[in-house]
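Visitor: Could you work out the structure for the sequence below:
(chains A and B)
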Amino acid sequence: DGGITQSPKYLFRKEGQNVTLSCEQNLNHDAMYWYRQDPGQGLRLIYYSQIVNDFQKGDIAEGYSVSREKKESFPLTVTSAQKNPTAFYLCASSIDPRGGFYEQFFGPGTRLTVL
Amino acid sequence: SQKIEQNSEALNIQEGKTATLTCNYTNYSPAYLQWYRQDPGRGPVFLLLIRENEKEKRKERLKVTFDTTLKQSLFHITASQPADSATYLCALAASSNTGKLIFGQGTTLQVKP
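Guide: The predicted model follows:
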C-alpha cells in the first residue's frame, strides 16, 4: 500500500534531550512537510522540502532541524532549544512541490511529550 | 496581517440536517482552497479542492463554495450522519510556487442521532 508513515506514535522526552521523529513515504512525492498541532489549533508549518537535499524554514522553525537526503525520508529533530516541544507532529507529502493543484497526504502523527 | 479563520465554536446538528462550516481569510489572494477532515489523534484527510475561478465544487454529499470577493469559503455536508462528526480544516495556498498551505484552526462538527 502506498502511504506515509511516521514513527514512533508516542514519544516521551526529558528536558534537554534532542529527539528525532521519522517520516517515510512511498508515494514518490517530491514535496514533504512537517507541521505542529497544539490542542484546539490548526497546523503550523515547521519545515518543508520541495526536492531532495533542499529544505526551507516554515513559520515556526526555531528549535527544529530537518534533513532530506532521500526522496522518501524527511526526519525532524526536535532540539533542546525548542522551549515548548510538547505537541502533535504531522508529516505530509505532495506530488507537486511548486504549489500546483494537488492535495497533501498526511501521516498518522507523532505525539511528543516532554517530561 | 494575513489571517485565515474558522469558527472555533463546535457546531452541533441533528442527523439528516445540512451542516455549513465557514472559512474566512484576509490579506490573501489564494489560487485555490482546500478542505480536510481530521479525526481525533489522526492526521488530516483531504476532502475537496476548489480553484479561484470556480464558484462551487461537489463530491457526493459535500459541497464547497469559494467567494473571492467576500474572501470566504463555505463547506456544506448534506444529509449529515453521526459518522461525519470530526474537525474540518480549511487551507489555502500561501504562495504560488512553494506548495505551502496555511491552515485554519478547524471547526469541530458533532452530528447527533
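Visitor: And the closest residue to A:Tyr48 other than its chain neighbours, how far from B:Pro113?
Guide: Nearest residue to A:Tyr48, sequence neighbours excluded (CB to CB, 6 or more residues apart in numbering or on different chains): A:Tyr33, at 4.5 Å. (Glycine included, C-beta is placed from N, CA and C.) Separation of A:Tyr33 from B:Pro113 (CB to CB, to the nearest Å): 37 Å.
Visitor: In terms of neighbours, single out the busier of these two.
Guide: Neighbour totals were compared for A:Tyr33 and B:Pro113, and A:Tyr33 leads with 25 against 7 (other CB atoms under 10 Å in any protein chain shown).
Visitor: Can you give me the neighbour number for the closest residue to chain A within chain B?
Guide: Proximity of chain B to chain A (CB to the nearest CB) peaks at B:Gly43, 3.2 Å away. B:Gly43 has 22 neighbours, counted by other CB under 10 Å.
Visitor: just to revisit the earlier point, pairing partners for whichever helix or strand the residue nearest to A:Tyr48 is part of, with directions?
Guide: Element membership for A:Tyr33 (DSSP states H and E) is strand A:31-37. Taking DSSP bridges as the criterion, strand A:31-37 sits next to strand A:43-51 (antiparallel), strand A:87-94 (antiparallel) in its sheet.
Visitor: neighbouring contacts of it?
Guide: Residues outside strand A:31-37 that contact it (CB atoms under 8 Å, 6 or more residues apart in numbering or on different chains): A:23, A:25, A:43-50, A:58, A:60, A:64, A:66, A:68, A:74, A:76, A:87-97, A:104, A:109, B:99-100, B:103.
Visitor: That one: how far from the chain's middle?
Guide: 4 Å (CA atoms, centre = their mean, to the nearest Å).
Visitor: Ok, stretch A:19-31 next?
Guide: Centre to centre, stretch against its chain (CA atoms, centre = their mean), the figure for stretch A:19-31 is 8 Å.
Visitor: Also stretch B:105-113?
Guide: Relative to the chain's own centre, stretch B:105-113 is displaced by 12 Å; criterion: CA atoms, centre = their mean.
Visitor: residues contacting the spatially closest residue to A:Gln104 that is not a sequence neighbour?
Guide: Leaving out its chain neighbours, the residue that sits closest to A:Gln104 by CB to CB, 6+ apart is A:Ala92, at 4.2 Å. Residues counted as contacts of A:Ala92 (CB under 8 Å, 6+ apart) are A:Ile4, A:Met32, A:Tyr33, A:Trp34, A:Tyr35, A:Gln104, A:Phe105, A:Phe106, A:Gly107, B:Gly43.
Visitor: Which strand residues bridge the fourth one?
Guide: This points to A:Trp34. Beta-bridge pairing of A:Trp34 under DSSP bridges involves A:Tyr47, A:Cys91.
Visitor: So, low pLDDT: which residues of chain A?
Guide: Applying pLDDT under 70 to chain A flags the ranges A:1-2, A:99-100.
Visitor: Could you rerun that using 90?
Guide: The model of chain A has pLDDT under 90 over residues A:1-2, A:15-16, A:39-42, A:80-83, A:95-102, A:115.
Visitor: Same check on chain B?
Guide: B:1-3, B:7-9, B:26-32, B:51-53, B:55, B:68, B:92-102.
Visitor: looking at it, which residue lies furthest from center?
Guide: For chain B, the residue at maximal distance from the C-alpha centroid (CA atoms, centre = their mean) is B:Pro113, at 22.8 Å.
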